[in-house]
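**Student:** Provided below are the primary sequence and the corresponding predicted coordinates.
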Amino acid sequence: MNRNCSIKLTEVGKFYSQKLRTPSNFSDADVIGYSNSGVSKRAALNGLSISIEDGERVGIIGQNGAGKSTLLQIISGILAPTSGEMSISGKVTAILTLGSGLREDLSGRENIYLDFELHGKSKRGSEDDVEAVIEFAELGKFIDFPMRTYSTGMKARLAFSLVAHVEPEILIIDESLSVGDAAFSAKAGKRIKQLCDQGAIVIIASHSMYSINELCSRCLWLDKGHLVMDGHPETVTRAYSDSVRARDENDVLEKFKKFDGTHQLAEGFKLSELYLISD
């Protein structure tokens with residue numbers, strides 16, 4: 001079923017005021033409006049423009065601080081952009097924090113009833129749906145235990161199961177699929193694909209290149225609030241992994257260079273890239 005869901009961001013920016021001196025890990029391009037008063041604006045997102053259409057499974061990758069979570073929160077409506085324009089067609093459902101919205105003092109089953117009530121489903125008319133959620137979550141007897149007794153993985157299972165059976169039009173997931181065993185992750189991935197076949201949009205932010213390649217049809221690479229690359233998951237994740245590897249190797253090389261300047265190597269050897277070679 002095509003629901004005509006869509007997301008469009010045009011030159012969207014999100015800036016945070018920052019006092020004291022400019023941190024050493026941000027370049028001039030990352031800091032906007034620095035003044036003599038010691039107040040600056042750090043860009044969590046800077047001029048981001050993307051369009052996402054029906055049925056797309058979009059993965060978002062990047063190092064910590066790249067802007068992944070900020071982007072998801074803006075699309076979810078939790079944060080408002082500082083600049084730019086955004087238009088969304090379709091109901092957004094998000095899993096941004098594991099177990100968010102679940103009541104610790106209630107059992108898993110009671111949380112399901114509460115969630116259904118919030119989504120306008122009556123208790124009497126939703127028994128089949130409740131059982132479907134319980135079966136999907138695979139919590140067994142623990143479904144009637146208080147949520148405070150659940151592990152992080154158990155909460156993740158219930159949280160995802162609730163969202164998956166509400167049939168969201170736009171589903172946003174921040175790292176949630178990385179929790180739990182391989183079998184449940186595979187089942188969750190299959191459910192995501194089913195949602196996309198129904199016309200839903202799914203957006204996943206993850207550090208797992210395998211999950212992005214397995215689940216997504218498109219991948220966005222963010223770095224310091226900028227869009228670096230947008231394309232097929234295997235192409236983008238390979239480029240990202242190569243970039244991270246090159247950066248790590250350069251860091252190691254710089255450490256070796258410092259070592260070379262303060263220590264004497266055995267006669268006949270010198271430093272070349274990451275290896276000791278003989279003359």
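**Tutor:** Everything's here; your move. Residues are numbered from 1 along each chain as shown.
**Student:** could you pull out the helices for this protein?
**Tutor:** 68-76, 108-118, 127-137, 152-166, 182-197, 209-215, 233-262 (DSSP state H).
**Student:** Backbone torsions only: list them for residue 139.
**Tutor:** Residue 139 adopts backbone torsions of phi -100, psi -10, taken as degrees, to the nearest 10.
**Student:** That one contacts residue 156, correct?
**Tutor:** No. Residue 139 is not in contact with residue 156 according to C-beta atoms under 8 Å; the separation is 11.1 Å. Bear in mind the C-beta positions are built from the backbone N, C-alpha and C, glycine included.
**Student:** who has more neighbours, those two?
**Tutor:** Relative neighbour count places residue 156 above the other of residue 139 and residue 156, with 24 against 20, counting by other C-beta atoms under 10 Å.
**Student:** how close does that one get to residue 193?
**Tutor:** 19 Å (C-beta to C-beta, to the nearest Å).
**Student:** and what of residue 158?
**Tutor:** Taking C-beta to C-beta, one finds residue 158 at 21 Å from residue 193.
**Student:** Then residue 105?
**Tutor:** Counting by C-beta to C-beta, the gap from residue 105 to residue 193 is 35 Å.
**Student:** Looking at these two, which is more packed in?
**Tutor:** Between residue 105 and residue 193, counted using other C-beta under 10 Å, the more crowded position is residue 193 (15 against 9).
**Student:** these two touch, right, the more buried one and residue 216?
**Tutor:** No. Using C-beta under 8 Å, residue 193 is not in contact with residue 216, being 10.2 Å away.
**Student:** Pull up the overlap in contacts between the two.
**Tutor:** residue 57 (C-beta atoms under 8 Å, 6 or more residues apart in numbering).
**Student:** For residue 89, which non-adjacent residue is closest in space?
**Tutor:** Closest residue to residue 89 apart from its sequence neighbours, by C-beta to C-beta, 6 or more residues apart in numbering: residue 6 at 4.7 Å.
**Student:** Residue 166 now?
**Tutor:** In space, residue 166 is closest to residue 119, 5.7 Å off (C-beta to C-beta, 6+ apart).
**Student:** does that neighbour really touch residue 165, like I thought?
**Tutor:** No. Contact criterion C-beta under 8 Å: residue 119 and residue 165 do not qualify, at 9.9 Å.
**Student:** residue ranges with poor pLDDT in the stretch 101-250 of the chain?
**Tutor:** The stretch 101-250 of the chain contains residues with pLDDT under 70 at 122-125, 176-180.
**Student:** same thing but at 90, please
**Tutor:** Applying pLDDT under 90 to the stretch 101-250 of the chain flags residues 101-102, 114-129, 151-157, 159-169, 171, 173-200, 208, 210-211, 214-215, 246-250.
**Student:** All set, thanks.
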